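K.L.:
Predicted model and sequence follow; I will ask about them next.
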Amino acid sequence: MATTMPKAGEVDRKWYVLDAAGKPLGRVAAKAAHLLRGKHKPTYAPHVDCGDNVIIINCDKAVLTGNKLEKKYYYWHTGWIGGLKKTQYKVMMEEKADEAMMIAVKGMLPHNTQGANQLKRLRTYKGAEHKQAAQKPEVCEF
């Protein structure tokens with residue numbers, strides 16, 4: 001029996017919907033990263049981007065366990081001297097919950113061009129409605 005190697009042009013991509021309502025942010029992000037990388041497929045190879053498209057809905061209803069809402073901060077640097085900025089996750093989850101989910105997934109993907117291409121296939125929405133109904137996404141339970 002010969003081993004088959006997947007090729008970039010032969011990858012069959014599906015669409016999945018993840019509902020984050022009432023689930024921990026990290027668990028949803030880990031499942032999304034798993035689907036984006038394609039590790040759930042038997043044809044997975046780390047050198048080929050064989051992942052699927054993922055839609056995450058209800059990001060504003062995702063929960064952070066413990067005291068993370070109060071104690072966890074997101075830091076970024078503007079590039080200017082003294083430009084270190086931070087925001088508390090309590091504020092971030094109220095105002096930009098979809099970006100908080102995007103940041104969590106981004107940290108779980110490879111930090112190279114392959115990871116950047118996988119992140120382009122992620123859609124996050126605060127509410128329950130999404131714009132990708134024409135793609136007929138499957139609901140993914142976890």
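P.N.:
Received, thanks.

K.L.:
For the closest residue to residue 15 other than its chain neighbours, list the residues it contacts.
P.N.:
In this structure, residue 15 finds its nearest non-sequential neighbour in residue 137, 3.7 Å apart by CB to CB, 6 or more residues apart in numbering. Glycine gets a C-beta too; all of them are placed from N, C-alpha and C. Neighbour list for residue 137: 14-17, 53, 55 [criterion: CB atoms under 8 Å, 6 or more residues apart in numbering].

K.L.:
ok, now with 7 Å
P.N.:
15-17, 55 (CB atoms under 7 Å, 6 or more residues apart in numbering).

K.L.:
any idea where the helices of this protein begin and end?
P.N.:
Counting by DSSP state H, the chain has helices at residues 25-37, 68-71, 89-95, 97-108, 113-119.

K.L.:
Can you tell me which of those is most buried?
P.N.:
Each of those was scored by mean neighbour count; the highest is helix 25-37, a mean of 21, by mean count of other CB atoms under 10 Å.

K.L.:
what does that one contact?
P.N.:
16, 18, 20, 40, 51-52, 54, 56, 62-64, 100-101, 104-105, 108-109, 118, 121-122, 140, 142.

K.L.:
Check stretch 80-88 too.
P.N.:
By CB under 7 Å, 6+ apart, the surrounding residues in contact with stretch 80-88 are 73-78.

K.L.:
re earlier: narrow the contacts of helix 25-37 to just the buried residues.
P.N.:
The neighbour count (16 or more other CB atoms under 10 Å) marks 16, 18, 20, 51-52, 54, 56, 62, 64, 100-101, 104-105, 108-109, 118, 121-122, 140 as buried among the contacts of helix 25-37.

K.L.:
hang on, the earlier thing: export the helices of the chain to a markdown table and append columns for distance to residue 131.
P.N.:
Listed next are the helices of the chain as a markdown table, based on distance: least, CB to CB, whole Å:
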| stretch | distance to residue 131 |
| --- | --- |
| helix 25-37 | 17 |
| helix 68-71 | 29 |
| helix 89-95 | 21 |
| helix 97-108 | 13 |
| helix 113-119 | 18 |
